[in-house]
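Colleague: Sharing a sequence plus its predicted fold:
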Protein chains: 2
Amino acid sequence: MELLKRKILQECRVEGQDILKVDSFLNHQMDIELFNAIGRAFKSRFENKPISKILTIEASGIGIACIAAQYFKVPVVFAKKTESRNLDKEVYESKVISFTKNKEYIIKVSKKYLSSSDNILIIDDFLAKGQALSGLIDIITQANANLIGVGIVIEKSFQKGGKDLRNQGIQIESLAMIKSLENNKVTFEEEGRKEK
Amino acid sequence: MELLKRKILQECRVEGQDILKVDSFLNHQMDIELFNAIGRAFKSRFENKPISKILTIEASGIGIACIAAQYFKVPVVFAKKTESRNLDKEVYESKVISFTKNKEYIIKVSKKYLSSSDNILIIDDFLAKGQALSGLIDIITQANANLIGVGIVIEKSFQKGGKDLRNQGIQIESLAMIKSLENNKVTFEEEGRKEK
């Protein structure tokens, strides 16, 4: 998605070998016009798929998921993060390790809002090692819901989360795929190679 | 806002004297069509005001703020919650006590995304004792930005946060004002009395 890539090149900061800061438009300040373009891009990548609900995770997935949901005309559910497991029978839970924050947390979704009749599109801002995404997929599996696919704004394809999950047959559509952040420089994957 | 009040009466659960659960449409599962009606209602209540940015707080304010921002054509910034203060000079911080969660946390906004030239509309899902809102106003004051007003989806007017802040001259527009949750029954304020 050219508009997104230009925005990344114009406004990002690279820290070290693997941290990309995009908080001027994606996950602290949010550019709603760009979010609409992102929503339309997700819609075109999942055109004609029978999606009944979008699932995301707090906090920075929520804005993107809500704007995108307008194009799919479906509700959004966001998984809540907590640091403790409290044996609540009314929720689906999964354990997620955050490498950027160096901690482990539990994500939860109320059983009321995911069911076996749901066809789910997951939307999130980043995909790197795939921890949060695997947690969301685990919750969808527990609910016996059907995973249609995953829409990601920025994938760090030099980390292996996306590759592993695609190898399981999951359709993951990432609007910008970053091959490398070496030498403080953002290098994108060439278009057309992204599904390999 | 009649549509919102109907939705509350149809889908809420009341717990004890003061807890209103609306997670089927507002803060866990999110009804995006309703969010659009909410966004239009905020726009009509702040019509012709020179708003340059919407400020909200993670997590459940984000979806509402992003949808509403489409009607104002401005970016959204969300304050991040953390449990520790780490003396970061690049952020505005304020301390907030959560009575529902019985803990204290710090909210933060990067100094890059609030400035003295900004005219801010705060949007959030709930207003009760006004703790989170006071924290956001504190941050706006630190940034020397201009607070235009506050848009709230549900105000518990039997708690005094809204009254105290209106007495300071702040324009707070709440789309549903709840006078009482006694006896497991939602009683709304009569329309027209809400600004008193």
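Modeller: Cool, got the structure.
Colleague: what's the pLDDT at the closest residue to A:Ser60 other than its chain neighbours?
Modeller: Using CB to CB, 6 or more residues apart in numbering or on different chains and skipping the chain neighbours, the partner closest in space to A:Ser60 is A:Asn27 (3.7 Å). Just so you know, the C-beta spots here come from the backbone N, C-alpha and C atoms, and that holds for glycine as well. pLDDT, A:Asn27: 95.
Colleague: Flag the shaky bits of chain A, pLDDT-wise.
Modeller: Filtered on pLDDT under 70, chain A yields the residue ranges A:86-87, A:192-196.
Colleague: Could you rerun that using 90?
Modeller: A:16-17, A:82-89, A:98-103, A:190-196 (pLDDT under 90).
Colleague: which residues does the residue most central in space within it contact?
Modeller: The centroid of chain A falls nearest to A:Asp124 when counting by CA atoms, centre = their mean (2.1 Å). Applying CB atoms under 8 Å, 6 or more residues apart in numbering or on different chains, one finds that A:Asp124 lies in contact with A:56-57, A:61, A:64-65, A:132-133, A:136, A:150-153.
Colleague: I figured the residue nearest to A:Ser60 was touching A:Asp125, is that so?
Modeller: Yes. Counting by CB atoms under 8 Å, A:Asn27 does reach A:Asp125; the two are 5.5 Å apart.
Colleague: Check the contact lists of those two and give me the overlap.
Modeller: Common neighbours of A:Asn27 and A:Asp125 (CB under 8 Å, 6+ apart) are A:Ser60.
Colleague: thinking again about what came up before, count of neighbours near the residue nearest to A:Ser60?
Modeller: 20 (other CB atoms under 10 Å in any protein chain shown).
Colleague: where's it, which helix or strand?
Modeller: Under the criterion of DSSP states H and E, A:Asn27 resides outside all helices and strands.
Colleague: so how far is B:Ile8 from the closest residue to A:Arg13 other than its chain neighbours?
Modeller: Closest residue in space to A:Arg13, ignoring its immediate chain neighbours: A:Lys21 at 4.2 Å, by CB to CB, 6+ apart. Computed as CB to CB, to the nearest Å, the A:Lys21 to B:Ile8 distance reads 39 Å.
Colleague: Looking at those two, which has the bigger crowd around it?
Modeller: Between A:Lys21 and B:Ile8, counted using other CB under 10 Å, the more crowded position is B:Ile8 (20 against 13).
Colleague: returning to what we had before: isn't the residue nearest to A:Arg13 right next to A:Glu11, touching?
Modeller: No. Taking contacts as CB under 8 Å, A:Lys21 lies outside contact range of A:Glu11: 9.0 Å.
Colleague: list residues touching both of those two?
Modeller: With CB under 8 Å, 6+ apart as the test, A:Lys21 and A:Glu11 reach no residue in common.
Colleague: where do the strands sit along chain A?
Modeller: A:13-15, A:19-21, A:29-30, A:53-57, A:76-82, A:91-98, A:103-110, A:119-127, A:146-156, A:172-180, A:187-188 (DSSP state E).
Colleague: So what touches the last one?
Modeller: Right, strand A:187-188. So strand A:187-188 is in contact with A:5, A:176-181, going by CB under 8 Å, 6+ apart.
Colleague: Can you get me the centre-to-centre distance for it and its chain?
Modeller: A distance of 19 Å separates the centroid of the chain from that of strand A:187-188, by CA atoms, centre = their mean, to the nearest Å.
Colleague: Isn't A:Phe42 up against A:Tyr71?
Modeller: Yes. Look at A:Phe42 against A:Tyr71 with CB under 8 Å: they come within range, at 7.2 Å.
Colleague: which one of those two has more residues nearby?
Modeller: Between A:Phe42 and A:Tyr71, counting by other CB under 10 Å, A:Phe42 is the more crowded of the two (28 against 17).
Colleague: so what's the closest residue to the more buried one other than its chain neighbours up against?
Modeller: Leaving aside its chain neighbours, A:Phe42 sits nearest to A:Gly151 (4.1 Å; criterion: CB to CB, 6+ apart). A:Gly151 is in contact with A:42, A:45-46, A:68, A:121-124, A:173, A:175, counting by CB under 8 Å, 6+ apart.
Colleague: try it again with 6 Å
Modeller: Neighbour list for A:Gly151: A:42, A:123, A:173 [criterion: CB atoms under 6 Å, 6 or more residues apart in numbering or on different chains].
Colleague: where's A:Leu165 relative to chain B, distance?
Modeller: 25 Å (CB to the nearest CB, to the nearest Å).
Colleague: err, A:Ser24, not the other one
Modeller: 7 Å.
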